[in-house]
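Peer 1: What follows is a predicted protein model with its sequence.
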Amino acid sequence: MEKVLVIGGVAAGTKTAAKLKRENPALDVTIITRDENISYAGCGLPYYIGGVIRDKSELVVKTPEEFQALTGVKVYIKHEALDIDKENKIVKILDLNENQTKEFTYDKLVIATGASPFIPNLEGVNLSGVYTIRKVADALNVREAVESGEVKRAVVVGGGFIGLEVAENLEEQGIRVTIIELAPHILPGFDEDIAAIAQDHLLDNGVMVLTEEKLIALEGSDKVEKIITDKRKIKADLVIMSIGVTPNIELAKKAGIEIGSTGAIKINEYMETSIENIYAVGDCAENKNLITGKDVWYPMGSTANKMGRIAGRNIANSENKECLKGVLGTTVVKLFKLNACKTGLSEKDAKKLGYDVVSTLVPANDKAHYYPGFKMIATKLIADRDTHKILGAEIIGEGIVDKPIDIIATAITLGGKVEDLEKLDLAYAPPFSTAMSSTIVAANVLLNKLKGKVETISQIEFKNRLNELQIIDVRDEAAFNENSIEGALNIPLNQLETRTMEIDKDKEIVVTCKIGKNAYLAYLKLREIGYTNVKMLEGGMATYIS
């Protein structure tokens, strides 16, 4: 009977093992893990801290006993793999319960050792009250601290998804939260214009965000009391270190398995490592970017599950292999009432990779404007100028964003162009969408740019050049008075042709409105009259952050 040994559980390891037994019940499959749990909802940990998930048992997908009974996979918890003898196909294991070493033999080996939180080597980092969020015990400890009533102020170090989700949940518990981020903006991987909307929303909900700020040290006697950055000191009763994670590659490295350029284990499309009969899946292994073909590392549960399923299938059916051609890094996050998501390349990253990028930012409703509960979302669509192929998208707003981002991810996966997106036959009824969905509207606007029918200016460039532009706001007077850009001239659209003498012809003209529709009409009118130095503000006032 062929033996398959899986090192590690959670998403990738358990998915591999379960798939192996489903494909070939005769296989002798064993999971070893140094943790107490083999399958838990890592992405749900912030919501347990906030009480959205009330009982800790809901975080555990399957106990070791349940998983073993359900699948027939043998499970050894609190067993740590120390060495791989690839010549003799033996893994040396330390039984953490008995503090003794054992040897497990295998015919095929799967490394699913995951990733660990990055902890900077700083003074005070080991003080009580300093936490990471990676395992169930982490969430239990933080929630216990919160429920003790002793935590009034918290600092979250890192503005990625987990850090932001924890910040939201702590704020919802009445704790004053400050986020420290070293980068120029939160949501690394997103573009600055989208991140600015998210940051403004956090501020509106009481979360302080400090960007381009570096953590220097933590202070306290036994328990953390302050954090020190390169700009200030901040009092804190609790600190969450959410700087990022690093792949657990030590075991693979010792065995001579090739490590990729990303720092994770190098694998091929079949999940095979450089050593025959050894596979790697999940957060410890790298992948290919589906657009560029370059090696990438996306430590995500969705990717880990796909990798585990493919590895399990290939090990069980070695003559009929399946492959994972690549991933897009599709992600989504909820921040209070705001939702943000992305897929593929950001505009910034696409430019770095040498693409001739064309993008657009388009606000639209997620449902018919007359249907109760409709909300606005803004879609940033990114494409290659020469081929019109879609490179990526980012969507943000209080409305539904996961459906449109999944549509765009599907289009990218199938090699779609902007023209393909424009012509998609999508479901429509007032409770679900607009007749012309937000995705199709964004595609239409981007096609207009690609065909030279309209010139636009991005929110970022607009803010950087504010003083040198002639801004024409074509909304009605009431909307203009409610919120407007300093220095803007209010000429409602129906008055534009009779008030052109008020426009400074020596300046570059930028027209704006709420979402862009009337600004586009104003743009066309001005061009028809003879104004050539005119552009339209992308995203309009709906996405403008002063």
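Peer 2: Done, it's in. Residues are numbered from 1 along each chain as shown.
Peer 1: Got the phi and psi for the residue most central in space within the chain?
Peer 2: With distances taken as CA atoms, centre = their mean, the residue of the chain nearest its centroid is residue 331 (3.9 Å). Per-residue torsions, residue 331: phi -140, psi 160 (degrees, to the nearest 10).
Peer 1: For it, give its distance to residue 221.
Peer 2: 39 Å (CB to CB, to the nearest Å). Quick note: C-beta positions are derived from backbone N, CA and C, even for glycine.
Peer 1: Pull out the buried residues from stretch 26-41.
Peer 2: 27-35, 37-41 (16 or more other CB atoms under 10 Å).
Peer 1: how about a markdown table for those residues, with secondary structure added?
Peer 2: Formatted as a markdown table, the buried residues of stretch 26-41 follow (DSSP: H, G, I helix; E, B strand; the rest coil):
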| residue | secondary structure |
| --- | --- |
| 27 | coil |
| 28 | strand |
| 29 | strand |
| 30 | strand |
| 31 | strand |
| 32 | strand |
| 33 | coil |
| 34 | coil |
| 35 | coil |
| 37 | coil |
| 38 | coil |
| 39 | strand |
| 40 | strand |
| 41 | coil |
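Peer 1: Looking at those, which one is closest to residue 418?
Peer 2: Residue 418 lies nearest to residue 41 out of the buried residues of stretch 26-41, by CB to CB, at 36.9 Å.
Peer 1: what's the first-to-last distance across stretch 426-435?
Peer 2: 9 Å (CA to CA, to the nearest Å).
Peer 1: got it, and stretch 105-119?
Peer 2: 34 Å.
Peer 1: State the distance from the nearest residue to residue 128 once chain neighbours are set aside to residue 235.
Peer 2: Distances taken as CB to CB, 6 or more residues apart in numbering place residue 223 nearest to residue 128, at 4.4 Å, with adjacent residues excluded. Distance of residue 223 to residue 235, given as CB to CB: 12 Å.
Peer 1: again with residue 344
Peer 2: 41 Å.
Peer 1: more crowded one of these two?
Peer 2: residue 344 (25 against 14; other CB atoms under 10 Å).
Peer 1: which residues sit in contact with that one?
Peer 2: By CB atoms under 8 Å, 6 or more residues apart in numbering, the contact set of residue 344 is 290-291, 328-330, 382, 390-393, 408-409, 412.
Peer 1: Filter those down to just the ones in strands.
Peer 2: 382, 390, 391, 392, 393 (DSSP state E).
Peer 1: how about the residues you listed in a markdown table, adding distance to residue 230 and neighbour count?
Peer 2: Shown next, in a markdown table, are the ones in strands among the contacts of residue 344 (distance: CB to CB, whole Å; neighbours: other CB atoms under 10 Å):
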| residue | distance to residue 230 | neighbour count |
| --- | --- | --- |
| 382 | 33 | 28 |
| 390 | 40 | 28 |
| 391 | 35 | 24 |
| 392 | 32 | 27 |
| 393 | 35 | 29 |
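Peer 1: Tell me the one of these nearest residue 107?
Peer 2: Of the ones in strands among the contacts of residue 344, the one sitting nearest to residue 107 (CB to CB) turns out to be residue 392, at 41.4 Å.
Peer 1: so where does residue 198 fall, helix or strand?
Peer 2: Using DSSP states H and E, residue 198 maps to helix 192-204.
Peer 1: Can you name the two of the buried residues of stretch 26-41 that sit furthest apart?
Peer 2: Farthest pair in these, by CB to CB: 28 and 41, 28.5 Å.
Peer 1: mind listing the helices for the stretch 201-350 of the chain?
Peer 2: 250-254, 301-316, 347-352 (DSSP state H, counting those that start in this stretch).
Peer 1: Include mean pLDDT, distance to residue 71 and mean neighbour count when you put these into a markdown table, please.
Peer 2: Formatted as a markdown table, the helices of the stretch 201-350 of the chain follow (pLDDT from 0 to 100; distance: least, CB to CB, whole Å; neighbours: other CB atoms under 10 Å):
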| stretch | mean pLDDT | distance to residue 71 | mean neighbour count |
| --- | --- | --- | --- |
| helix 250-254 | 97 | 24 | 16 |
| helix 301-316 | 96 | 11 | 23 |
| helix 347-352 | 98 | 40 | 18 |
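Peer 1: With distance to residue 284 as new columns, can these be given to me in JSON lines?
Peer 2: Output for the helices of the stretch 201-350 of the chain, formatted as JSON lines (distance: least, CB to CB, whole Å):
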{"stretch": "helix 250-254", "distance to residue 284": "7"}
{"stretch": "helix 301-316", "distance to residue 284": "9"}
{"stretch": "helix 347-352", "distance to residue 284": "24"}
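Peer 1: wait, which of these is closest to residue 142?
Peer 2: Nearest to residue 142, of these and by CB to CB, is helix 301-316 at 19.9 Å.
Peer 1: Only C-alpha atoms, please: export that closest one in PDB.
Peer 2: The C-alpha coordinates for helix 301-316 follow below in PDB (Å, rounded to 0.1, in the frame of the first residue of the first chain):
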ATOM      1  CA  GLY A 301      -6.600  30.300   1.800                       C
ATOM      2  CA  SER A 302      -8.400  30.200  -1.500                       C
ATOM      3  CA  THR A 303      -5.100  29.500  -3.400                       C
ATOM      4  CA  ALA A 304      -4.000  26.900  -0.700                       C
ATOM      5  CA  ASN A 305      -7.200  24.900  -1.200                       C
ATOM      6  CA  LYS A 306      -6.800  24.800  -5.000                       C
ATOM      7  CA  MET A 307      -3.100  23.700  -4.600                       C
ATOM      8  CA  GLY A 308      -4.000  21.000  -2.200                       C
ATOM      9  CA  ARG A 309      -6.800  19.600  -4.400                       C
ATOM     10  CA  ILE A 310      -4.500  19.500  -7.400                       C
ATOM     11  CA  ALA A 311      -1.600  17.900  -5.500                       C
ATOM     12  CA  GLY A 312      -4.000  15.200  -4.100                       C
ATOM     13  CA  ARG A 313      -5.400  14.400  -7.500                       C
ATOM     14  CA  ASN A 314      -2.000  14.200  -9.100                       C
ATOM     15  CA  ILE A 315      -0.500  12.000  -6.400                       C
ATOM     16  CA  ALA A 316      -3.500   9.600  -6.700                       C
END
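Peer 1: tell me the angle of that helix relative to strand 28-32?
Peer 2: Helix 301-316 runs at 150 degrees relative to strand 28-32, counting by axes from the mean of the first three to the mean of the last three CA atoms, to 10 degrees.
Peer 1: which stretches of the chain have low pLDDT?
Peer 2: Across the chain, nothing is flagged by pLDDT under 70.
Peer 1: Which residues are in contact with the residue nearest to the centre of the chain?
Peer 2: 161, 189, 300, 341, 342, 343.
Peer 1: Report the beta-bridge partners for it.
Peer 2: residue 342 (DSSP bridges).
Peer 1: That one and residue 275, how far apart?
Peer 2: Taken as CB to CB, the span from residue 331 to residue 275 is 31 Å.
Peer 1: Next, count neighbours for residue 425.
Peer 2: Count around residue 425 with other CB under 10 Å applied: 6.
Peer 1: Quick one: residues contacting the residue nearest to residue 128.
Peer 2: By CB under 8 Å, 6+ apart, the contact list for residue 223 reads 127, 128, 129, 237.
Peer 1: Would you mind listing which of those are buried?
Peer 2: Neighbour-count burial (16+ other CB under 10 Å) is assigned, among the contacts of residue 223, to 127, 129, 237.
Peer 1: The residues you listed in strands, which ones?
Peer 2: Per DSSP E, the buried ones among the contacts of residue 223 never map to strands.
Peer 1: Could you export these to a markdown table, including columns for distance to residue 168?
Peer 2: Below are the buried ones among the contacts of residue 223 laid out as a markdown table (distance: CB to CB, whole Å):
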| residue | distance to residue 168 |
| --- | --- |
| 127 | 24 |
| 129 | 20 |
| 237 | 18 |
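Peer 1: Right, I'll call it a day here.
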